[in-house]
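Colleague: Any chance you can model this:
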Amino acid sequence: MQNYKSIFRFLLLSVSIPIISINIAYAQQDSTASDSISVEDIRRQLQQEEREQGQQNESLSASQRTRTTATSRNPEISAIGDFRSLYTDAGDRNWDAYVQGIELNFSSAIDPYAKAEFYPVFEGEGGELNAKIEEVYLQTLSLPLNLQLKAGKFRQAFGRINTVHRHALPVIDVPIAYESFFGEALIDQGASLSWLIPNPKFYQELIIDVTRGAEESPLFAYSDNNQPQLMGHLKNFWDLSENSTLELGVSGALGDNELGEKTRIGGVDLTYKWKPIQFNTYQSFEWQTEFYFSEYEELPTQQINAWGMYSWMQYQLSKRWFVTGMYSYSEKPADRTFEEQAISATFGWYGTEFQKLEIGPKIRGGTGFSNATFSGLFRWVFVIGSHGAHQY
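Modeller: Residues are numbered from 1 along each chain as shown. Predicted coordinates:
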């Protein structure tokens, strides 16, 4: 509309000036000055109107920029619910229904140099929901040399699934090996530096964590001897073909345990994924395996060696249906007598990325599945609000 007004004014000025000039040529000398002043007045008036209009446009643009900036600073907010039902043949009460947890996420870029993530959660325990802060950290966006720095409370990058929140796993229960070595998860407070290694052959990423010592961990504990907990993870990723990828990771961690002695743990993870480009909505396959090896010192000269592993395979049957089979074996880092294994299957219906339902059986027992217990599990996960992509 403003363009049309400008064109109209230009045409009006173009037509008016010749007409006034003709009148000046035939008018008396005393009226010539008056008509000339009128032409200049018209020109100045048009120029003044255009300047005022430009100022109004600049003011409007500034207001729009202010509103856009204010909107972009509002965090993305989501809530994820995890409802479960359980049947088991062990104990006096054979069934239960409960909310496993409600996870909130507040995510936002602070400025062009950093972003922040905030995860308050409500964990289900004994029919009650207990609030806690699972993660809260600041992360850089523009460091040189392919570096990225994270500081706060965060899931450490040990292995393949520790950084993945439970609702995003393709199995209802975490592997018993993971539970034995890390409990709920390996989460600590401190700083993490990642480096994207400039390797032209394949993708490589190195992560180093320096943290204060996990307070809720079977392996580690906070201590007063001024020794931080150290962790490293090297990720290697290959594109095998246009349809398949392979990832190999190596992890290690060192820190104090609850006895005031040292704990060392190493891990190896291997993940193969197949997703054909032509049928990527309807077909896929994933095989993921992890091994853990730990040394838990009871005394400087006495230690417990333990190991554990899990392996699962997931196959996509159709657009919305998935089936996952998993086997897991574990010793316990701080218990020489503990040995357990489990086998399970999970059938999942993924309605959209905002909702999924899963059901499946599980058998858990000791050596040779002695004293085995059977359970049937059901999970319904839903998402409200924005939902970011999960780590590949």
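
Colleague: just checking, Glu205 is part of a helix?
Modeller: No. Counting by DSSP: H, G, I helix; E, B strand; the rest coil, Glu205 is not part of a helix but strand.

Colleague: for it, what are its contacts?
Modeller: Ser194, Trp195, Leu196, Ile197, Leu234, Lys235, Phe237 (CB atoms under 8 Å, 6 or more residues apart in numbering). Just so you know, the C-beta spots here come from the backbone N, C-alpha and C atoms, and that holds for glycine as well.

Colleague: Looking at the residues you listed, which one is closest to Ser294?
Modeller: Nearest to Ser294 out of those is Leu234 (CB to CB; 18.7 Å).

Colleague: Which residue, neighbours along the chain excluded, lies closest to the closest one?
Modeller: Leaving aside its sequence neighbours, Leu234 sits nearest to Val250 (CB to CB, 6 or more residues apart in numbering; 4.9 Å).

Colleague: so what strands line up beside the helix or strand containing the one you found?
Modeller: Val250 belongs to strand 244-256 when assigned by DSSP states H and E. With DSSP bridges as the test, strand 244-256 is paired with strand 229-239 (antiparallel), strand 262-274 (antiparallel).

Colleague: Kindly reformat these as a markdown table containing mean pLDDT.
Modeller: Output for the strands paired with strand 244-256, formatted as a markdown table (pLDDT from 0 to 100):
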| stretch | mean pLDDT |
| --- | --- |
| strand 229-239 | 97 |
| strand 262-274 | 97 |
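
Colleague: how about a markdown table for those, with distance to Glu295 added?
Modeller: Below are the strands paired with strand 244-256 laid out as a markdown table (distance: least, CB to CB, whole Å):
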| stretch | distance to Glu295 |
| --- | --- |
| strand 229-239 | 15 |
| strand 262-274 | 5 |
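
Colleague: can you give me the helices for the stretch 251-392 of the chain?
Modeller: Counting by DSSP state H, counting those that start in this stretch, the stretch 251-392 of the chain forms no helices at all.

Colleague: in it, what spans have low per-residue confidence?
Modeller: Applying pLDDT under 70 to the stretch 251-392 of the chain picks out residues 387-392.

Colleague: all strands for it, in order.
Modeller: Ranges of strands within the stretch 251-392 of the chain are 262-274, 285-299, 302-316, 321-332, 335-352, 355-365, 373-385, based on DSSP state E, counting those that start in this stretch.

Colleague: can you list those in CSV and add mean neighbour count and distance to Ser244?
Modeller: Shown next, in CSV, are these (neighbours: other CB atoms under 10 Å; distance: least, CB to CB, whole Å):
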stretch, mean neighbour count, distance to Ser244
strand 262-274, 18, 5
strand 285-299, 18, 9
strand 302-316, 18, 14
strand 321-332, 19, 18
strand 335-352, 16, 21
strand 355-365, 17, 24
strand 373-385, 16, 27
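
Colleague: Format the ones you listed as TSV; extra columns: distance to Thr140.
Modeller: Shown next, in TSV, are the strands of the stretch 251-392 of the chain (distance: least, CB to CB, whole Å):
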stretch	distance to Thr140
strand 262-274	26
strand 285-299	29
strand 302-316	33
strand 321-332	36
strand 335-352	33
strand 355-365	33
strand 373-385	25
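
Colleague: what about Tyr178, which SS state?
Modeller: Tyr178 is classified as helix under three-state DSSP.

Colleague: For it, give me its contacts.
Modeller: Gly159, Ile161, Asn162, Glu290, Tyr292, Gly308, Tyr310, Ser328.

Colleague: Same question for Val268.
Modeller: Each residue near Val268 by CB under 8 Å, 6+ apart is listed here: Leu248, Gly249, Val250, Ser251, Glu290, Phe291.

Colleague: How about Thr373, nearest residue that isn't a chain neighbour?
Modeller: Ala90 (4.3 Å).

Colleague: Also Lys319?
Modeller: Going by CB to CB, 6+ apart, Lys319 has Tyr282 as its nearest residue, at 5.2 Å.
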